[in-house]
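J.: next one to model:
(chains A and B)
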Amino acid sequence: MEKLEYKGVFVFVEQRKGIVQKVSLELIGKARDLADALNEKVYAILLGSKIADKAQTLIAHGVDVVVYADAIELNDYLTEPYTQAVCHVVNEYKPSILMLGATTIGRDLGPRLSARLKTGLTADCTKLEISEEKELLMTRPAFGGNLMATIVCKEHRPQMSTVRAGVMHKLPADNSRKGEVIEVKIPFNKDKFRVKLLSSVKEKSAMVDISEAKILISCGRGMANEEGLKVIDDLAKTLNAQVSASRAVVDAGLVPHDRQVGQTGKTVRPDLYFAVGISGAIQHLAGMEESDFIVAINKDKTAPIFQVADLGIVGDAKQIVKQLNDRLIG
Amino acid sequence: MNIVVCIKQVPDTTEIKINPTTGTLIREGVPSIINPDDKAGLELALSLKDSFNAHVTVITMGPPQAEDVLREAYAMGVDRAILLTDRKFAGADTLATSYALASALRKMEFDLLITGRQAIDGDTAQVGPQIAEHLDLPQVSYLEHLEFDGKNTFTVKRRIEDGYEMLQVDGPCVVTVLSGAYKPRYMSVRGIVEAFPKTVEVWGFEQIDVEEARLGLKGSPTRVHKAFSRGVKAPGQLYEVDATEAAGIILSKLKEKFII
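T.: Okay, here's the model as predicted:
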């Protein structure tokens, strides 16, 4: 492998039903930093059918070159057609770095690509930077968030990583930015298309994305009952906030999974995070400690949540939340 | 019908604690378990054994003590257990791990290969799809439910962020299972007793057909550059007051920070 032949920071752009996903714009924001540090260009790989009109949005958010493939085979995400398409682009363009969102698509496609391209892939990175040797330093949590590890991929290209939604920042759109748009044709090997999509079903609880909320009121084991949830709901309504929860509450079936914060749930960083009755297992902290301002309420003053809280209150969470809500309304 | 399930022995990460003064991991006394997603996969295999009389083989790669999880799988009801262990496999990243496992799997015949979606010690979700690629098999990840038509076709419910997909695939194929998908059965007393004399086959480098250069640390494209405990942020103020006063403190703080 001639490493120096590989240039450019590439982002796999995820679109679902023609809508570019927020995580892709966040990755482009990060790719811009990395590309500037390397003095290279940011490329977007855009796959789908009738999606060429999305190219300008990507350019406005920081992309220099959009490489797109428009094919009916790419209308919905399926592992094999997407793997073939991305591999084709990688083999043609030889990227130095390839980033994907750590979504159910990126985490299905990424490993398949890495095995086909015989290169390394680092999952769920929380920090990406360029070293003095111009290599990508990929930092990620390990052992359920108990340890952090910085990973390098020295001799193989592209250096691949996935990043979860809400971890990187997208750049504000600049519609005057100019970029190049290139169409590629993918020579599909359809014999390998062995998985058929029968149907795709959206579920109702899908409407909220807690990683986009400005204020989150998060419910923990200490509030995991009907009455506790009610006072949390009331406060959320008053503050125009969203309700989220720790794993214990989700596992108990009280709050749907898409509202779970933490290592196996979502990474959030709202302006204000209320941890109510949450003790703060490391898996939970990993998902919320970057929030701008954290208020924790817990009856146990040794609870680890207080280690990351900006304001900690030891006391009866239910009473305190109720009082707070009354004062806010009153 | 032949099914192979890949399982991994992992430390129960929910039991890991951090030493608050040094910030380092406390590993002592942390129990080893079958990775939860894999255990759900094992249950899926055993339910297919119940309904379709499938033959279930379980394989794990790891140090010799990983035999424990194979014994547990025997006690749950699997028919055959293989331990893939060799010093040459040690230090592998996901690509080298999946390569070694795929090489062992190439020596078996199966209609369905089941892995967990991800292991709780790494959370990468990579090994299942990578095995599928090495073996040139179709994959469906994030499996929440599987229906088998009794012939060779699987209908899989794949959980995604905002709903689910229904996918159809013929065997042989690879699926990666979510821990919530199937509730694992308990080991039966009879199962535990019968598991004792059963043979765990031990396979090493010599038993599988592999290129040594693609194994272990040497065969791993990624390396750990450094590992560190996460920085502990300085805690803020802590108040132990009654509810009314607490509400007052929160209100004034939020106003001070211009949040409300």
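
J.: how distant is stretch B:244-260 from the center of its chain?
T.: Remark: stretch B:244-260 is offset 44 Å from the chain centroid, using C-alpha atoms, centre = their mean, to the nearest Å.

J.: I'd like the average pLDDT over the lengthiest helix in chain A.
T.: Determined from DSSP state H, the single longest helix within chain A is helix A:22-38. On average, the pLDDT along helix A:22-38 is 97.

J.: with stretch A:187-195 instead?
T.: 98.

J.: which residues touch that stretch?
T.: The contact list for stretch A:187-195 (C-beta atoms under 8 Å, 6 or more residues apart in numbering or on different chains) reads A:71, A:73, A:78-81, A:84-85, A:88, B:138-140, B:167-170, B:173. Backbone N, C-alpha and C define where each C-beta goes, glycine included.

J.: before we move on, the earlier item: does the longest helix of chain A come close to chain B?
T.: No - Helix A:22-38 lies apart from chain B when judged by C-beta under 8 Å from any C-beta of the partner chain; the minimum separation is 10.0 Å.

J.: buried residues in that helix?
T.: Residues A:22-35, A:38 are the ones in helix A:22-38 that count as buried (16 or more other C-beta atoms under 10 Å in any protein chain shown).

J.: quick check: chain neighbours aside, which residue is closest to A:I72?
T.: Distance criterion C-beta to C-beta, 6 or more residues apart in numbering or on different chains; nearest residue to A:I72, sequence neighbours excluded, is A:S49 at 5.2 Å.

J.: what's the burial count for the one you found?
T.: Neighbour count of A:S49, defined by other C-beta atoms under 10 Å in any protein chain shown: 15.

J.: okay but it is in contact with A:A69, surely?
T.: No - at 9.2 Å, A:S49 does not count as touching A:A69 under the criterion of C-beta atoms under 8 Å.

J.: helices of the chain, start to end?
T.: Picked chain A for this. Going by DSSP H, chain A shows helices at A:22-38, A:55-60, A:79-93, A:106-117, A:226-239, A:247-251, A:282-288, A:305-308, A:317-329.

J.: the intended chain is chain B.
T.: B:36-52, B:67-76, B:94-105, B:127-134, B:189-195, B:243-256.

J.: which elements pack onto the last one?
T.: If you count contacts as 3 or more C-beta pairs under 8 Å, 6 or more residues apart in numbering or on different chains; DSSP states H and E, helix B:243-256 packs onto strand A:293-298, strand A:311-314, helix A:317-329, strand B:237-240.

J.: for the shortest one, same thing?
T.: When contacts are defined as 3+ C-beta pairs under 8 Å, 6+ apart, helix B:189-195 sits against helix B:67-76.

J.: who touches A:E135 in this structure?
T.: By C-beta under 8 Å, 6+ apart, the neighbours of A:E135 are A:V152, A:C153, A:K154, A:Q159.

J.: switch to 10 Å and redo it
T.: A:K3, A:L38, A:S96, A:I97, A:E129, A:V152, A:C153, A:K154, A:Q159, B:H225 (C-beta atoms under 10 Å, 6 or more residues apart in numbering or on different chains).

J.: okay, now residue 157: neighbour count?
T.: By default, I'm working from chain A. 24.

J.: actually it's chain B I care about, not the one you picked
T.: 18.

J.: quick one: low-confidence parts of chain A?
T.: Low-confidence segments of chain A, defined by pLDDT under 70: A:204-207.

J.: hang on, the earlier thing: just the buried ones among the contacts of A:E135, please.
T.: A:L38, A:S96, A:I97, A:V152, A:C153, A:Q159, B:H225.

J.: and which of these is nearest B:C6?
T.: A:C153 (24.3 Å; C-beta to C-beta).

J.: do I have it right that the closest one meets A:L136?
T.: Yes - counting by C-beta atoms under 10 Å, A:C153 touches A:L136, with 7.0 Å between them.

J.: what sits in contact with each of those two?
T.: A:I97, A:T122, A:Q159, A:M160, A:S161.

J.: would you turn these into JSON lines with distance to A:D174?
T.: Formatted as JSON lines, the shared contacts of A:C153 and A:L136 follow (distance: C-beta to C-beta, whole Å):
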{"residue": "A:I97", "distance to A:D174": "22"}
{"residue": "A:T122", "distance to A:D174": "30"}
{"residue": "A:Q159", "distance to A:D174": "27"}
{"residue": "A:M160", "distance to A:D174": "28"}
{"residue": "A:S161", "distance to A:D174": "25"}
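
J.: any idea which of those residues is closest to chain B?
T.: A:T122 (6.0 Å; C-beta to the nearest C-beta).

J.: tell me the bridge partners for that closest one.
T.: Per DSSP bridges, the residues bridged to A:T122 are A:S161.

J.: quick check: which ranges of the stretch 151-260 of chain B have low pLDDT?
T.: Short version for the stretch 151-260 of chain B, where the test is pLDDT under 70: B:230-234, B:259-260.

J.: ok, back up a step: hmm, which of the contacts of stretch A:187-195 are the buried ones?
T.: A:73, A:78-81, A:84-85, A:88, B:138-140, B:167-169, B:173.

J.: now for those: which two are most distant?
T.: A:H88 and B:Q168 (25.7 Å).

J.: can you give me the end-to-end distance of stretch B:101-119?
T.: With C-alpha to C-alpha, to the nearest Å applied, stretch B:101-119 spans 15 Å between its terminal residues.

J.: next, the buried residues of that stretch.
T.: Those buried within stretch B:101-119 under the rule 16+ other C-beta under 10 Å are B:101-105, B:110-119.

J.: excluding chain neighbours, what is closest to the residue of the stretch 1-150 of chain B found nearest chain A?
T.: Closest contact between the stretch 1-150 of chain B and chain A, by C-beta to the nearest C-beta, is at B:T13 (3.2 Å). Among residues not flanking B:T13 along the chain, A:G144 sits closest, at 3.2 Å (C-beta to C-beta, 6+ apart).
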